[in-house]
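>>> Sequence unavailable; structure follows:
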Ligand SMILES: Cc1ncc(COP(=O)(O)OP(=O)(O)O)c(N)n1
Ligand SMILES: Cc1ncsc1CCOP(=O)(O)O
Ligand SMILES: [Mg+2]
């Protein structure tokens, strides 16, 4: 897994982590042990996105946790983030790799499809993301996936991320099925800022119990 460590992958959201709370919410997630952070904002102006991504990058660097930018290699390059997450409609992995360099972390959405995962691996992806596994208030229309795809994807030999409607109460089967990272928006941030660190710690405890290499890189 190289620069990636198994655990909670905290993803921001412009509604659940609004500007006034963004930095403190992510700081709480980091204090609770999140091992990866994604800045995901579909609505704000480019100036706001640049400022927020810079602030989060400073915070994550201090914590020694990689920050990935959703959808936008250009923004990742501008703020010096650790990498990007790209969906199937978000432009080419190869172009992002050329822009960000060999050490950048590039994650790819594979929905429920192993064929997309093999292509992403062939093109140099650093992790593969599957989901949604449960109902997602953040992205209700995302295609559904079954936990068995996580087990099947282990043979690709890359870190596996699960996403979609994950909470502390439904996360365990996904780790048992083979997820190295659980990418969470609502299940981390929808209880208000004071809940975030506790929730992150609960996810960490779940990984400590069920993930084979939680205390190492994978
Ligand atoms: C870790 C992770 N997995 C999947 C996604 C979804 O990416 P995408 O399909 O491009 O959808 P948007 O997030 O851009 O709406 C993700 N962001 N992160
Ligand atoms: C971006 C994305 N892709 C598939 S589900 C999802 C949303 C995840 O958010 P939540 O954890 O609130 O369901
Ligand atoms: Mg996208």
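Received, thanks. If you're wondering where the values come from, they're calculated on a predicted model, not measured in any experiment. Residues are numbered from 1 along each chain as shown. Ligands and ions are numbered 1, 2, ... in the order given.

>>> got the buried residues for stretch 63-81?
Within stretch 63-81, the residues scored as buried using 16 or more other Cβ atoms under 10 Å are 63, 65-73, 75-77, 79, 81. In short, each C-beta sits where N, CA and C put it, glycine included.

>>> Below-threshold pLDDT in the protein: ranges please.
Along the chain, segments meeting pLDDT under 70 span 1-2, 216-218.

>>> Point me to the residue of it nearest ligand 3.
For the chain, the residue closest to ligand 3 is residue 87, as judged by Cβ to the ion, at 3.3 Å.

>>> got a list of what that residue touches?
Residue 87 is in contact with 71, 108, 109, counting by Cβ atoms under 8 Å, 6 or more residues apart in numbering.

>>> Relative to residue 84, how far out is residue 104?
Using Cβ to Cβ, to the nearest Å, we find residue 104 at a distance of 7 Å from residue 84.

>>> These two - which one has more neighbours?
Between residue 104 and residue 84, residue 84 has the larger neighbour count (other Cβ atoms under 10 Å), namely 29 against 21.

>>> ok and the residue in this protein nearest ligand 1?
Ranked by Cβ to the nearest ligand atom, the top residue of the chain for proximity to ligand 1 is residue 87, at 1.9 Å.

>>> just the buried residues of stretch 63-81 that are near ligand 3?
residue 71 (Cβ under 5 Å from the ion).

>>> tell me which of the buried residues of stretch 63-81 is nearest to residue 121?
Closest to residue 121 out of the buried residues of stretch 63-81 is residue 68 (17.8 Å), distances taken as Cβ to Cβ.

>>> Tell me if I am right that that closest one is in a strand.
Yes: per DSSP: H, G, I helix; E, B strand; the rest coil, residue 68 lies within a strand segment.

>>> Quick check: bridge partners of it?
Counting by DSSP bridges, residue 68 forms beta bridges with residue 38, residue 83.

>>> Test my guess that residue 164 contacts residue 137.
No: the criterion here is Cβ atoms under 8 Å, and residue 164 misses it with residue 137 at 10.2 Å.

>>> residues shared between the contacts of these two?
Joint contacts of residue 164 and residue 137 (Cβ under 8 Å, 6+ apart) do not exist.

>>> who's more crowded, the two?
Taking other Cβ under 10 Å, residue 164 and residue 137 do not tie; residue 164 has more neighbours (26 against 13).

>>> Run through the residues that contact the more buried one.
Residues in contact with residue 164 (Cβ under 8 Å, 6+ apart) are 131, 132, 133, 134, 136, 139, 142, 144, 145.
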